[in-house]
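Participant: Predicted model and sequence follow; I will ask about them next.
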Amino acid sequence: MPSLSVTCTPDATGWRCYVIVGDDPAATEHQVDVTRDTAADLAPGATPEELVRASFEYLLEREPRESIMRAFELPIIARFFGDYPDEISRRLRG
């Protein structure tokens, strides 16, 4: 799995996170918005960085980094992968 760099900064509704997938010239960059409600629903007690990192690990198990949208709101993952909410909750709750 490629390396992941995740940085989140607070905004009015939650966090805006920036993700770099890979550390080579083909690295991809992504912007992910996470609301407080989404974080509380999917991963109570986890940091936004932990949630986004786990979400990208989940995505990378299913598709190449080049196929991941460049900018999106985190809940959209469930539109493409129906098991995402349950799987992310399971992973982050241990």
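Facilitator: On my side now, so go ahead.
Participant: Let me know the pLDDT of the most centrally placed residue in the chain.
Facilitator: Nearest to the geometric centre of the chain sits residue 52, at 2.9 Å (Cα atoms, centre = their mean). What the model reports for residue 52 is a pLDDT of 98.
Participant: Now do the helix or strand it falls within: which elements does it pack against?
Facilitator: If you go by DSSP states H and E, residue 52 is part of helix 48-60. If you count contacts as 3 or more Cβ pairs under 8 Å, 6 or more residues apart in numbering; DSSP states H and E, helix 48-60 packs onto strand 4-10, strand 14-21, strand 28-35, helix 36-42, helix 77-80, helix 84-93. Heads up, the C-betas are built off the backbone N, CA and C, glycines and all.
Participant: residue ranges with poor pLDDT in this structure?
Facilitator: Applying pLDDT under 70 to the chain picks out residues 94.
Participant: Run through the residues that contact the closest residue to residue 93 other than its chain neighbours.
Facilitator: Excluding the flanking residues, the one nearest residue 93 by Cβ to Cβ, 6 or more residues apart in numbering is residue 43, at 7.6 Å. With contact taken as Cβ atoms under 8 Å, 6 or more residues apart in numbering, residue 43 is in contact with 50, 51, 54, 88, 89, 92, 93.
Participant: Can you tell me how far residue 43 is from residue 67?
Facilitator: 24 Å (Cβ to Cβ, to the nearest Å).
Participant: Also residue 92?
Facilitator: For residue 92, the distance to residue 67 - Cβ to Cβ - is 23 Å.
Participant: now do residue 6
Facilitator: 19 Å.
Participant: Which of the two has more residues huddled nearby?
Facilitator: Taking neighbours as other Cβ atoms under 10 Å, residue 6 and residue 67 compare with residue 6 leading, 21 against 10.
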